[in-house]
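Student: Below is the sequence, then the predicted model.
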Amino acid sequence: MSTPVVSPHADAPAIGDTRLLIDGQRVDGAEGRTFDVFNPATGELLTRVAEARAEDVDRAVKAARRAFESGPWRDMKPKDRAAILWRLGDLLLEHAAELGGLETLDNGKPFVQARDGDVSAAAGLFHYMSGWATKLEGATIPISFPGSFHTYTRREAVGVVGLIVPWNFPLTIAAWKVAPALAAGNTVVLKPSEVTPLTALRLGELALEAGIPEGVLNVVPGFGAEAGAALTAHPDVDKVSFTGSTATGRAILQAATGNIKKVTLELGGKSPDIIMGDANLEAAIQGAADGIFYNQGEACAAGSRIYAHRSVYDEVVAGVSAAAESITVGDGFDPSSFIGPLVSKEHHQKVTGYVDLGREEGTVAAGGTYATEGGYYVAPTVFTDVTDQSRVVREEIFGPVVSILPFDDTDEVIRRANDTRYGLTAGVWTESISTAHRVADALRAGTVWVNCYGVFDAAMPFGGYKESGWGREMGGIVLDDYTESKTVCIRLGD
Ligand code: TXE
């Protein structure tokens, strides 16, 4: 069952064991089912992976609960927990080529970006979060109640956490969640996307190798409607953290009401990237192009609405279009590819539908073409002559597709940039420090990049306003979401 079906590239890594990881053991699903995983560069079958059903999720939750209650992880000395997490970060780096190759096979993204971007970001999360294991402090609190008291707070692990991740940065987003969850002493059931399950399974193996006790990190690939739904509704899961579409985020919120799980959500985006009239245009054009086209545009933070001041609009359209035309689209294992295929046939259909729609709603300034057979390729595409009401401007496309719109003054562009149900990220390009601060303050988004775009760091909180989500990933702030605060109030006597 765990034998790979094809390994299509000479430099692709071996796929390895594709069974579930529960309680430290590789196991088939209880019903013995598997699901197919495809290579997006060719559309061919890549491998088959064991499918977790509700019964398997329940087994994984029970293992995580046992591991939590019996305490080998939660009660471990914080410095020992920190050392193991640091070691896991090191192991990810030692296996960067293998993990990057698995990500390219599974997701399609260029191998160099996967190895040097995704894997190193994931390792960075474990290194950064290992430092927090020894720093989860409470406070002593002077209270005014009559009498003499010693009152303090403790920060404790929440318990068993269910982590549901998408296919666009499969390993990195898993690390965003697994690293702080483990640093705080929780135990985990991780459900990767059914489209890209391979690196999560390898992460689980490397975690055991690093010394994380059995049952602390369980990995259950499966479909959202079955395994995902079972995890979110499970009465013995204390918290769920999810990254994915806003529609699925809503379903997860509802499913979590049964036992009032704590929920964090990182959802969609339609991020504005604003180029002021005084911007360094060379930097702004390249930054705005990278901000949408990196990772095939399959990024929740993608800067998919570029607003350019009318005085520089023509130059921005020409520059971003030239950047789009100069990008090589191809197999992720070809070193010249900057953009790989989109992740799946279904997603290719969604994105190409928007490419066709954009041609009706506006003008194609670059790209506008896509493959109709073989791999799921789409040319980087730029639309102009669209309006704020066009669907390609309002809806999340999640592909290498951008609209460029002109504006005349700062108040106007702030209003238009904020006119969206999302609020994940935004960009501003300007040489004026006052404009930078004024616009950054006024934008309703969880991250605002000024004279840069798409800068991520394990120490930088990330998450959304409005329908882009609840809570934050990364930074010290994420530990609030993975800990309970307990108040202890002791009467000292009279
Ligand atoms: O996402 P889903 P999909 C956006 C993007 C994309 C669209 C659809 O616009 O085109 O979402 O992608 C699991 N209970 N983003 O369908 O459904 C699922 O198995 C519990 C934005 O792939 O949100 C997978 O593990 N879990 C985004 C994960 O949810 C469920 C990243 C994401 O799948 C579930 C990806 C359920 N009922 C897509 N249904 C971002 N914010 O980065 C599905 N899942």
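Tutor: Alright, I've got the coordinates.
Student: alpha carbons only for contacts and neighbour counts from here, please
Tutor: Will do.
Student: got the residues of the stretch 151-300 of the chain near the ligand?
Tutor: 164-166, 168, 192-194, 223-225, 228-229, 243-245, 248, 251-252, 266-268, 299-300 (CA under 6 Å from any ligand atom).
Student: Can you tell me which of those residues end up in helices?
Tutor: 229, 248, 251, 252 (DSSP state H).
Student: Can I get these in TSV including pLDDT?
Tutor: Shown next, in TSV, are these (pLDDT from 0 to 100):
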residue	pLDDT
229	98
248	97
251	97
252	97
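Student: Which of those are buried? Put it as a ChimeraX command.
Tutor: Buried residues among these (16 or more other CA atoms under 10 Å), as a ChimeraX selection:
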select :229,248,252
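Student: which of the ones in helices among the residues of the stretch 151-300 of the chain next to the ligand are the two that sit furthest away from each other?
Tutor: 229 and 248 (10.0 Å; CA to CA).
Student: Next, the contact list for the nearest residue to residue 431 once chain neighbours are set aside, please.
Tutor: Leaving aside its sequence neighbours, residue 431 sits nearest to residue 279 (CA to CA, 6 or more residues apart in numbering; 5.4 Å). Residues in contact with residue 279 (CA atoms under 8 Å, 6 or more residues apart in numbering) are 429, 430, 431.
Student: count of residues packed around the first one?
Tutor: Here the count is done by other CA atoms under 10 Å, and residue 429 has 27 residues near it.
Student: Can you name the residues bridging to it?
Tutor: residue 275 (DSSP bridges).
Student: May I ask you to confirm that it is in contact with residue 285?
Tutor: No: Residue 429 is beyond contact range of residue 285, at 9.4 Å (criterion: CA atoms under 8 Å).
Student: For residue 36, which three-state class applies?
Tutor: strand (DSSP: H, G, I helix; E, B strand; the rest coil).
Student: My read is that it contacts residue 49, right?
Tutor: Yes: judged on CA under 8 Å, residue 36 makes contact with residue 49 at a distance of 6.5 Å.
Student: Distance to residue 15 added to the ones in helices among the residues of the stretch 151-300 of the chain next to the ligand, as JSON lines?
Tutor: Putting these into JSON lines (distance: CA to CA, whole Å) gives the following:
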{"residue": "229", "distance to residue 15": "27"}
{"residue": "248", "distance to residue 15": "29"}
{"residue": "251", "distance to residue 15": "32"}
{"residue": "252", "distance to residue 15": "31"}
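Student: Nearest to the ligand, out of the ones in helices among the residues of the stretch 151-300 of the chain next to the ligand: which one, please.
Tutor: residue 229 (3.8 Å; CA to the nearest ligand atom).
Student: how about the closest one, what does it touch?
Tutor: Contacts of residue 229 by CA under 8 Å, 6+ apart are 252, 255.
Student: any idea how far it is from residue 164?
Tutor: Distance of residue 229 to residue 164, computed by CA to CA, to the nearest Å: 10 Å.
Student: For the nearest residue to residue 48 once chain neighbours are set aside, give its distance to the ligand.
Tutor: Excluding the flanking residues, the one nearest residue 48 by CA to CA, 6+ apart is residue 36, at 4.6 Å. Distance of residue 36 to the ligand, computed by CA to the nearest ligand atom, to the nearest Å: 14 Å.
Student: confidence score at residue 36?
Tutor: Per-residue confidence at residue 36 stands at 98 (pLDDT).
Student: Lovely, talk soon.
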